[in-house]
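*Asks:* any chance you could fold what I've pasted below:
(chains A and B)
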There are 2 protein chains.
Amino acid sequence: MRVQRLGERGLIQRIRRRVGGVTPGVSAGIGDDAAVLQPTPGAWLLATTDLVIEDVHFRRRSAGPADIGWKAMAVNLSDIAAMGGAPRFALVALACPEETEVEEIDLFYEGLTAAAAPHGVAVVGGDTAASPGGWIVNVTLLGEMTGAPRLRSGARPGDVIAVVGTLGRSAAGLAVLEAGRRPNLPADVLDDVAQAHLRPVARVAEGKWLGTRDGVHAMIDLSDGLATDLGHIATESGVAARVDLTCLPVAASARAVAEVLGLDPLELAARGGEDYELLFTAQRSAAEAIATGLRSATGVPVTLIGEISAGNPGVDFIDAAGRAVDVGQGYEHFHG
Amino acid sequence: MRVQRLGERGLIQRIRRRVGGVTPGVSAGIGDDAAVLQPTPGAWLLATTDLVIEDVHFRRRSAGPADIGWKAMAVNLSDIAAMGGAPRFALVALACPEETEVEEIDLFYEGLTAAAAPHGVAVVGGDTAASPGGWIVNVTLLGEMTGAPRLRSGARPGDVIAVVGTLGRSAAGLAVLEAGRRPNLPADVLDDVAQAHLRPVARVAEGKWLGTRDGVHAMIDLSDGLATDLGHIATESGVAARVDLTCLPVAASARAVAEVLGLDPLELAARGGEDYELLFTAQRSAAEAIATGLRSATGVPVTLIGEISAGNPGVDFIDAAGRAVDVGQGYEHFHG
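*Replies:* Below is the predicted model of the structure:
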C-alpha cells in the first residue's frame, strides 16, 4: 500500500503503534503537540540533531529504508556518545514521496529502532511530510549525563590523542559501494566494510565509560574524518595536534579494499569520514589505565595516535620518515 | 557570496557568531557534538520537531528566507504553547542548494531569531547540509513547564470548547498569495492576511497563562485546521465535540478576502489551517473567568465555540439552522 492511500493520520497511527509504548521518563510521547519528558534530577541535558538527505548522505541504490533509519539514529547516538552521555529520547521527522510503499516506511522505523533499542532510547515524537524529491530524515536525540560532558574545547598541551576501535572501514565501504563492480575480495571483507558504511555502530558504551574518567579531557566522534574532526578539537581547544600516521589503527578490511582498488589505506583512515569511532585526548599519565580499562570493560581497543601541544591550532600528520604530510580534508558540504 | 565558497565550516562559524552567545541554562551551544543544557529542576521537559520543506510547506515565490526562518520557529513555538509550556532551546537544521547566497542564509536566521527572541529561546545547535533540491529546514524546540502539561487527551464531557484569537486569516492569506492577481482590497487587509500566513505569531504568552489554570483540560494549536485539530482532541480524549459555526471568530480581514475571492469564510475558519491560534476545552463553570482573565492578561480575546459530550469521538459542525454540516478536512500530507 502506498502512503498516499494510508494518509497522514493513518501513517502516524501506524508509526505510533510500532515505535510507541510505555517508557520510563516519557509521560506523553507520539500523538500530542509536544512530548512530555521527565529529566533525571541533577543531570545535564544533551541535545543533537542531524539531517539525512537522499543523494547527499546516502543513495537508494545501495541503502535500503532500514539502512537509512539505522544510520539516521546511529549518527545521533554517536554525537551523544562523544560527550560521554547516555542517549534517551528521539524525535524523528520523515519526508518521503507520496508514492512510497508503507512497508518501506515500516522498514525505516525498524532500522531506526534496531539501532536505538540496545540503548533504551525511546522515539517520543516527530513529524511526517510528503517530499517533492527523495527521502529526507531528521533525527533529534536527547541524552543525559551526571558528570561533566567532554567538550571539543577540553584538550590540553601534553595530552595524548587516542582513537577507539579502527579506522577506514566506512570510507572503504563507500568506495566498494560506489565502485560499480564487485572487487575481487572475500565476501566477509566486502560485507565488513559495506556494513561499516551502511550500518555504523555508535560507540555508546565506550563513550559513557570514557565520560566517567577524570583523565579524559576532550572527545569527538569521527564523522567527517580524522583530519577534520581532530581539527575541530585543535581549534576549539586552541592547541596544536600531531598525529603519527604509522600509529593509525587502520582496519584490516580497509587495507584489503585499498589494495584491490588502488587506494591509500592511510588516506582512508585519516581523511575518510563516517567511521563513528571516538577520538579523545587524555592526560598522559592516565592514558594507559584508560586504554586497558576501556578494553576490559567493552572489549574495544584504544590506540594512541599522537599528542597535543601548545601552538597554533591545527593538525600535523607525520609519516614514517618523520615528515609532515598533507592528508587533505575530510568530507564537507558546500565544498567550493 | 555563495555558500559553496564560504564552505561548511565557514558557514557554521558565521551562524555561531550571529545566533550564539551566553544564555542562561546553556553550558555549551553551537560548536560541539551536542548542546549541553541545564534543565530547570522539577520541571517537565517538552520536545517538538517540525520539518519545513520548499514547495511542500512554502513557495519561494511568496516566502523570502526571513519568512521561512520565522515560520519554522513559529510553528514549533506554537506546539510548546499548546502544552502550556515555556519554550527554551532550539536546534536548527538547514539544507539549501550550494549556489545559495550566504546573505539569504543570514536572512533565514534573522527571521528565525526574530520569532524566537521575544521568548528568550536560544539556538543551541543544529546541522547544515547541501540540498539536491530546494530549502529543507528542521527545527526542534525544547520547552519546560512546572505544572501539568495540557494534553490532547484531557477533554471531558461537559467542557466548553474555546478558541484564542481569530480564525481564517492564514487560509485567506494563502488564497491571496496563490491567486496570481492582487484582489481589489485595501493594502492593510491584504497585508494582514499575508502576514498571518507568512509570519504567524505563536500564542506563547497565552498558552503559558492557560497552562496555569486548573479549569483548562485539553489544548492544541490550530495548525491543520479547526476540523482536523479538534478531531485530534476528540479522538485522544474519546469524546464527541460539537461546534456552533455561527460562533466562530472569523477575522474581519478573512471575511473581506473571502467575499472578493468568492470563498466561504466559514470554510476558511473551520477547515483552513495554519492560524496557529490555540484551541482548548475547559470546565464550563471556569470558562468565563478564564476568558476574562486571558483577555486581561494578554489582550487577546477568547471565544466559546462549542461543547464536549460523551459519545463517539468526532466533531459535528452545526449551522445557524441547527443542521450538522460537513466542512471537510484540513490540510494533510499524503492525501489519497
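*Asks:* ok, the one helix or strand A:T228 maps to near chain B or not?
*Replies:* Taking DSSP states H and E as the criterion, A:T228 maps to helix A:226-237. Yes - residues of helix A:226-237 contacting chain B under Cβ under 8 Å from any Cβ of the partner chain: A:E236. Placement of C-beta: from N, CA and C, glycine included.
*Asks:* for that helix, which helices and strands make contact with it?
*Replies:* strand A:216-221, strand A:240-244, helix A:265-270, strand A:278-282, strand A:314-318 (3 or more Cβ pairs under 8 Å, 6 or more residues apart in numbering or on different chains; DSSP states H and E).
*Asks:* which of these is buried the deepest?
*Replies:* Among the helices and strands packed on helix A:226-237, ranked by average contacts under mean count of other Cβ atoms under 10 Å in any protein chain shown, first place goes to strand A:278-282 (a mean of 29).
*Asks:* any idea how far the next helix or strand after that strand is from the chain center?
*Replies:* Moving toward the C-terminus from strand A:278-282, the next helix or strand (DSSP H and E) is helix A:284-298. Centroid separation for helix A:284-298 versus its chain: 22 Å, with Cα atoms, centre = their mean, to the nearest Å.
*Asks:* around chain B, which positions in the stretch 151-300 of chain A sit nearby?
*Replies:* A:151-153, A:219-221, A:236.
*Asks:* quick revisit: okay, the helices and strands packed on helix A:226-237 in CSV with mean pLDDT next?
*Replies:* Listed next are the helices and strands packed on helix A:226-237 as CSV, based on pLDDT from 0 to 100:
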stretch, mean pLDDT
strand A:216-221, 98
strand A:240-244, 98
helix A:265-270, 95
strand A:278-282, 98
strand A:314-318, 96
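*Asks:* of all those, which lies closest to B:S253?
*Replies:* For the helices and strands packed on helix A:226-237, proximity to B:S253 was assessed by Cβ to Cβ; strand A:216-221 is nearest, at 50.8 Å.
*Asks:* re earlier: could you dump the residues of the stretch 151-300 of chain A next to chain B to JSON lines with distance to B:R199?
*Replies:* Formatted as JSON lines, those follow (distance: Cβ to Cβ, whole Å):
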{"residue": "A:L151", "distance to B:R199": "36"}
{"residue": "A:R152", "distance to B:R199": "36"}
{"residue": "A:S153", "distance to B:R199": "37"}
{"residue": "A:M219", "distance to B:R199": "41"}
{"residue": "A:I220", "distance to B:R199": "38"}
{"residue": "A:D221", "distance to B:R199": "38"}
{"residue": "A:E236", "distance to B:R199": "36"}
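*Asks:* distance check, A:V260 against A:A254.
*Replies:* 11 Å (Cβ to Cβ, to the nearest Å).
*Asks:* circling back: quick one, the helix holding A:T228 and strand A:240-244 angle?
*Replies:* On the basis of axes from the mean of the first three to the mean of the last three Cα atoms, to 10 degrees, helix A:226-237 is oriented at 150 degrees to strand A:240-244.
*Asks:* mind listing what's buried in the helix or strand of chain A with the lowest mean pLDDT?
*Replies:* Between all helices and strands in chain A, the lowest mean by mean pLDDT, DSSP states H and E belongs to helix A:3-19, at a mean of 88. Neighbour counts using 16 or more other Cβ atoms under 10 Å in any protein chain shown place A:3-4, A:6-15, A:19 of helix A:3-19 among the buried residues.
*Asks:* which pair of those residues spans the longest distance?
*Replies:* A:Q4 and A:V19 (21.4 Å).
*Asks:* hmm, stretch A:34-49 touching chain B?
*Replies:* Yes - judged by Cβ under 8 Å from any Cβ, stretch A:34-49 comes into contact with chain B at A:34-39, A:41-49.
*Asks:* so how do I select the buried members of these in ChimeraX?
*Replies:* Selecting only the buried entries of the residues of stretch A:34-49 next to chain B in ChimeraX, with 16+ other Cβ under 10 Å as the criterion:
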select /A:34,35,36,37,39,43,44,45,46,47,48,49
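*Asks:* which element is A:V201 on?
*Replies:* In the assignment (DSSP H and E), A:V201 maps to no helix and no strand.
*Asks:* quick check, pLDDT for it.
*Replies:* In this model, A:V201 is scored at 98, pLDDT.
*Asks:* contacting residues for it?
*Replies:* A:74, A:276 (Cβ atoms under 8 Å, 6 or more residues apart in numbering or on different chains).
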